[in-house]
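Engineer: got a sequence here, can you build the structure:
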Amino acid sequence: MRPEATTRTRARGSKAASAGAASGRTGPQVDTPRGIRLGWPGLRGRAAAASAGTWKGGRPSLANRIHAIYPGTFDPPTNGHLDIVRRGLRLFSRVTVAVSAHPSKAPVFSFEERRAFFLEEFRGTAGVEVVSFEQELLVGFARRIGAQAIIRGLRAVSDFDYEFQMTLMNRRLDDELETIFLMPSEQYSFISSSLVKEVASLGGDISRLAPPSVCKALAGRLKA
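Structural biologist: Predicted coordinates:
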């Protein structure tokens, strides 16, 4: 490229940057692997300070310290749940899987068993931790561990009705804690924990629905 062409290109970029500043478009930015700058206007307050940084190897730099929490009953974890965690790692430098109780459900697996399933699948994966919590508001727990966002998986429109209500309630309790909806891969979009248990109880093959550790444990539990 000719020297004058390079100069013009740089000047044009400087003008664009100045125009952005003049228009008042401020806020944290993230550089994607392709160089596209994405703003995170929803991450306010304590999250805003942690959101700026650069992407390395398809993930945010660990210097960003964007910490998201992925809560759920996970009884048991399915391939869809695992897919959501992996997708979360593309967006956040740290994802905490929070295994919780559900007042209207009698779980097949204990807290420790459900936690162990995730630990087995993500052993050696940087940025993932698995914890359990109960008898506590999610927003309070998220605040206590320093999370700035909640990850929720959406399989269909029917999921959104419930999730929308919960998001508004969480926002009322803590308006600095954002909810991020992620959709699993198409091959996992129909899977649920209850469906996995039902298929397994009737002798069906669940090897494509859940990780091997869950398949083995569920087979043993149903025989007992």
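Engineer: correct me, but R221 touches V108?
Structural biologist: Yes. Assessed by C-beta atoms under 8 Å, R221 is found in contact with V108 at 6.1 Å. The way it works is simple: take the backbone N, C-alpha and C, and place the C-beta from them, glycine included.
Engineer: ok, T167 to R208 distance?
Structural biologist: Taking C-beta to C-beta, to the nearest Å as the measure, T167 falls 31 Å from R208.
Engineer: what's the answer for G220, then?
Structural biologist: Applying C-beta to C-beta to G220 and R208 gives a distance of 19 Å.
Engineer: could you check stretch 123-132 and say which residues are buried?
Structural biologist: 127-131 (16 or more other C-beta atoms under 10 Å).
Engineer: turn those residues into JSON lines, including distance to R171 and secondary structure.
Structural biologist: As requested, the buried residues of stretch 123-132 are exported to JSON lines (distance: C-beta to C-beta, whole Å; DSSP: H, G, I helix; E, B strand; the rest coil):
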{"residue": "G127", "distance to R171": "26", "secondary structure": "coil"}
{"residue": "V128", "distance to R171": "26", "secondary structure": "strand"}
{"residue": "E129", "distance to R171": "25", "secondary structure": "strand"}
{"residue": "V130", "distance to R171": "26", "secondary structure": "strand"}
{"residue": "V131", "distance to R171": "23", "secondary structure": "strand"}
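Engineer: out of these, who's nearest L119?
Structural biologist: When the buried residues of stretch 123-132 are ranked by distance to L119 (C-beta to C-beta), V130 comes first, at 5.4 Å.
Engineer: what sits against that closest one?
Structural biologist: 96-97, 99, 115, 118-119, 122 (C-beta atoms under 8 Å, 6 or more residues apart in numbering).
Engineer: pLDDT wise, what is it at?
Structural biologist: V130 carries a pLDDT score of 96 in this model.
Engineer: can you give me the helices in the protein?
Structural biologist: Applying DSSP state H to the chain gives helices spanning 3-22, 48-51, 79-91, 111-121, 138-145, 157-173, 193-201, 212-223.
Engineer: and the second one, what's its mean pLDDT?
Structural biologist: Mean pLDDT, helix 48-51: 46.
Engineer: circling back to that earlier point, pick out whichever of T167 and R208 has more residues nearby.
Structural biologist: Neighbours per residue, other C-beta atoms under 10 Å: of T167 and R208, the larger number sits with T167, 18 against 10.
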